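Undergrad: no FASTA, just this:
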């Protein structure tokens, strides 16, 4: 079982390394072969929306940079995990660039999924999806709204990617290492149980 972790944390995010370490340790403890990519250290250009990966070079982005390798690795994993600071309910710009560049892994053709129209997958065996979002503080006011948007976004991405299971967990600044590990373990337990 191969897990791909896309670390979308930004330079100087002091909380991310400890959360990433907890995620990597929990996956390894469960027997996953884990590969982590620090997106901020990779040359991944934003998607230009040209659809060349669908019509000119099917399955391959026309931009020749590390984004191609990220998409290739994503197509071969059994679990894809995102680590990101939650920004207005979304993910970091580093993670957003990488996720947008996964478009070559889907087809330009359509199918119905749960009564909705979505793109067909290019490859069989979609990975499970786990997203770990970093939040600034207690779950109140705008933070609660951002957390809700983040969970919804992850859920919708999972439907579009046909993930057989998904989970979104948030970690707040100030949470201790044991609480972080428990949150990640609980999300993985839920995915394994199919909830």
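TA: Received it, and whenever you're ready, just let me know what you need. Since the model is a prediction, treat every value here as computed from it, not as a measurement. Numbering: from 1, shown residues only.
Undergrad: ok, residue 89 touching residue 144?
TA: No: under the criterion of Cβ atoms under 8 Å, residue 89 makes no contact with residue 144, lying 10.5 Å away. Glycine gets a C-beta too; all of them are placed from N, C-alpha and C.
Undergrad: which of those two has more neighbours?
TA: Counted by other Cβ atoms under 10 Å, residue 89 and residue 144 do not tie: residue 89 has more neighbours, with 16 against 12.
Undergrad: helix/strand/coil for the nearest residue to that one once chain neighbours are set aside?
TA: With Cβ to Cβ, 6 or more residues apart in numbering as the criterion, residue 89 has its nearest non-adjacent residue at 2.6 Å, and that residue is residue 149. Assigned by DSSP: H, G, I helix; E, B strand; the rest coil, the conformation of residue 149 is helix.
Undergrad: for the residue nearest to the spatial centre of the chain, which residues make a bridge with it?
TA: For the chain, the residue nearest the mean C-alpha position is residue 82 (3.3 Å; Cα atoms, centre = their mean). As for beta bridges, residue 82 partners with residue 6, residue 131 under DSSP bridges.
Undergrad: which residues does it contact?
TA: Neighbouring residues of residue 82 by Cβ atoms under 8 Å, 6 or more residues apart in numbering: 5, 6, 8, 91, 95, 99, 129, 130, 131, 132, 154.
Undergrad: Residue 74 too?
TA: Residue 74 neighbours (Cβ under 8 Å, 6+ apart): 4, 80, 102, 105, 127.
Undergrad: Return the set of buried residues in the helix or strand encompassing it.
TA: Assigned by DSSP states H and E, residue 74 belongs to helix 66-75. For helix 66-75, a neighbour-count test (16 or more other Cβ atoms under 10 Å) marks 66, 67, 68, 70, 71, 74, 75 as buried.
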